[in-house]
Structure formats: structure tokens, C-alpha cells
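> sequence and predicted structure below; questions after.
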Amino acid sequence: MLIVRGISVSFPSAGGGLIHAADGVSLDVGAGEIVGLVGESGSGKTTVARAIAGLLAPRGGEILLDGEPLAERSRALRRAIQLVFQDPYASLNPRRTVRSVLRELLHVHGLAQGDAAERRCAELMALVGLPETALARRPAAFSGGQRQRIAIARAIAVEPRLIVADEPVSALDVSVGATILALFESLRSELGLGLLLISHNLAVVAAICDRVAVMYLGRVVESGPRAAVFEDPRHPYTRALLDAAPRLRPEAGRGERLRGEAPPVGARPSGCAFHDRCPRVADICRTEEPALLALGDGAGARAAACHFRDDPTAR
């Protein structure tokens, strides 16, 4: 459904150059599929999300929806991809009732008016698990989880094909976040929506995603089916993220921790960008940048950007 091929997004720096927040990023999302995009803060996840949603213009590459380029989006194409933000309160107008927000969307996009719009608003509340009486209230009257449900209702009101959810549960309690994840799964099954889930929380990704892509300093360094990537990571950065994830019963010998912090996006090291933090760095890593290539062991639809992706002694 969604094909992203080699998109790059840059911002001007204070010194007059460019900061490459996303550099040659490629990923796919199928109809009814949930794909996780993970990485540390500053890795470029939100930049990619905003480019896909049309809030940022890539300087290179292409974004296709059902084979149609999104470079110049018609109103129908703008409807087709909707964004759910991290902070549900900041993304809702505090002065407007839920009803007025939803009815305006339905009117502007020519989807429903009058009694039909009112019925559609009630249907949207039912889809996200809120009572019809919520339509008459403003955002301040709701809890954080309820506000996120309203934000999701607003996103699906225009009948999109894909939702891009940028850290949708990071501001919520664990139990509330679990209900929001369950809601996404329900919408996927009921409406056939595709979902690109941006998150730094690997437990969230493990809970609902079908596939995962891992970003580091603006580039995808590993991608593939979620279970395969999590059980047999082929990039040392992916392994380090998994080793650093909190666990209820941490076992002995969890693996090596990351050294230091990621450099600023504008100070990308030569060769492999991860080499100065990698516990298995070799000379080739400092001079040659590895391409994101399919694995050579036939582990379907998997790729990693590491010189030792197929070396079992490196894992």
C-alpha cells in the first residue's frame, strides 16, 4: 500500500550547511499491516513520519500510495494518510467540542452533513470506545487516554488508508497505553487500516507490530519481520537496543551495552555511522559505509546495513 523509497529530509544548520535528518530512508506498509519504526531520540523517526504525512517535503526519493506518487497531494490523497501525534492534549483545540471538530472534518471533505454527520460522529465514538455523550465535551474534560481516543477518532473520520502514529502511548500510563494499542489492533481488523507506529519502546513494537525497521542517525540499519529481527538481530545497534530494554527478570550475560551517545545528526562519522559505539568494530567499518542489503541466508524480507550481517561469529 505505502512505498517509501530513498527519501531524504534536510534542515538548514546555524553554520549555513544542511542537517540530514533523514537520509535515503526506504520502507513499506501493506494494507492491514502494522510496521514499527524504532530508534533512539534524534534518529529521524519523527522526520520520516512527518514526511509521509505531508508535513515536510523530502528533498529526494519518492512516496507512493497504491502506486500513486504523493509529491503533489490531492485532497483525496491527503485524506488517505493521517497522523496521530504524541501529545493528545496539544493536538486538540481546547476551545472546541469533539462534535464540532469531527463535523468540520466531515463537512470540509464532503463526507457527511446534517443528520448524516451526527450519525457518523456517533459511529466514530463507538469505534474508539467512547460514549456518544463525549461529543458535547471539550478536551479538558477527558483523561489522557480518552484524549488519544478522540485524536484517533479524528484521524479515522476522513476514512484514511494509513495512520502514522508518532509515539502515541509514550505520554500515557502503561495500562492506558495498552488499551490504545488494543484499539489500533481492533481498527486494523475492522477497517483494514495500515499503521506505521513510531516508537522508542521496543515492548510496544513487540506487542502489535508485524514488521519493524530500525533507524540510526537518519538511516534504516535493519528491517524485517518483527519476530525475526528481535530474536536474531543482524545489526549491532539493534542488538544493543534489545539488550538495553527493561526486563522484569534480567538474566546474566545480557550482552554489551552501547558506548557513549549518538553524535549529532550533522556530525555523522565516516564509514559506518555506528562504528564509534560498536563493540565489534573493524577497520572496514571506519572507512566503508555498509549498504542496507538483504541477508544472504534466505531469511525472507530481511535486510541489515552491517559489513558482518551474515557472519555468525559476529552475533
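That came through fine.
> what are the phi and psi values for residue 40?
Note on residue 40: its backbone torsions stand at phi -70, psi 170 [degrees, to the nearest 10].
> please name the nearest non-neighbouring residue to it.
Excluding the flanking residues, the one nearest residue 40 by Cβ to Cβ, 6 or more residues apart in numbering is residue 262, at 5.7 Å. Using the backbone N, CA and C atoms, a C-beta is placed for each residue, glycine as well.
> contacting residues around the one you found?
40, 42-43, 216-217, 277 (Cβ atoms under 8 Å, 6 or more residues apart in numbering).
> how about a cut-off of 7 Å?
Under the criterion of Cβ atoms under 7 Å, 6 or more residues apart in numbering, the neighbours of residue 262 are 40, 42, 217.
> residue 99: neighbour count?
Applying other Cβ atoms under 10 Å, we find 18 residues neighbouring residue 99.
> kindly report the same for residue 311.
11.
> and it, how close does it get to residue 115?
Applying Cβ to Cβ, to the nearest Å, the value for residue 311 to residue 115 is 65 Å.
> what helix or strand does the residue nearest to residue 103 when sequence neighbours are not counted sit in?
Using Cβ to Cβ, 6+ apart and skipping residues adjacent in sequence, the residue nearest residue 103 is residue 117, 5.0 Å away. Assigned by DSSP states H and E, residue 117 belongs to helix 114-127.
> so which residues make contact with that helix?
Applying Cβ under 7 Å, 6+ apart, the contact partners of helix 114-127 are 99, 102-103, 106-107, 112, 131-132, 134-135, 153, 156-157.
> now do the strands in the chain.
2-12, 18-29, 34-38, 60-65, 68-69, 81-84, 162-166, 194-199, 211-216, 219-225, 293-294, 303-304 (DSSP state E).
> which one of those has the lowest average pLDDT?
Least confidently modelled of those is strand 68-69, at a mean of 88 by mean pLDDT.
> and that one, how far out from the chain's middle?
21 Å (Cα atoms, centre = their mean, to the nearest Å).
> residues contacting that strand, please?
62, 77.
> and residue 67, how many neighbours?
So residue 67, with other Cβ under 10 Å, has 7 neighbours.
> now it: closest residue in space that isn't a chain neighbour?
That would be residue 3: by Cβ to Cβ, 6+ apart, it lies 7.8 Å from residue 67.
> distance of the one you found relative to residue 26?
On the measure of Cβ to Cβ, residue 3 and residue 26 end up 8 Å apart.
> residues contacting residue 8?
Counted by Cβ under 7 Å, 6+ apart, residue 8 has contacts 20, 22-24, 58-61.
> I figured residue 170 hits residue 86, correct?
Yes - the pair residue 170 / residue 86 is scored as a contact, 5.9 Å apart, by Cβ atoms under 7 Å.
> so for residue 310, what pLDDT did the model give?
Model confidence at residue 310 (pLDDT) stands at 88.
> give me phi/psi at it?
Dihedral angles (degrees, to the nearest 10) for residue 310: phi -110, psi 10.
> is it true that it touches residue 295?
Yes - under the criterion of Cβ under 7 Å, residue 310 makes contact with residue 295 at 6.3 Å.
> the closest residue to residue 306 other than its chain neighbours and residue 310, how far apart?
Counting by Cβ to Cβ, 6+ apart, the nearest residue to residue 306 once its immediate chain neighbours are dropped is residue 235, at 4.8 Å. Separation of residue 235 from residue 310 (Cβ to Cβ): 12 Å.
> tell me who's in contact with the residue nearest the centre of the chain.
What sits nearest the mean C-alpha location of the chain, by Cα atoms, centre = their mean, is residue 198, with 2.4 Å. Contacts were defined as Cβ under 7 Å, 6+ apart; by that measure residue 198 touches 37, 45-46, 49, 165-167.
> make it 8 Å
36-37, 45-46, 48-49, 164-167.
> one step back: for the residue nearest to residue 103, grab the count of nearby residues.
19.
> again with residue 226
There are 19 residues near residue 226, going by other Cβ under 10 Å.
> domain-wise, how is the chain divided?
The chain breaks down into these domains under automatic domain parsing: 2-12+19-215, 217-246+259-314.
> and those domains, which one's lowest on average pLDDT?
domain 217-246+259-314 (a mean of 87).
> before we move on, the earlier item: more neighbours: which of residue 170 and residue 86?
Neighbours were counted for residue 170 and for residue 86 using other Cβ under 10 Å; residue 86 has more, 18 against 14.
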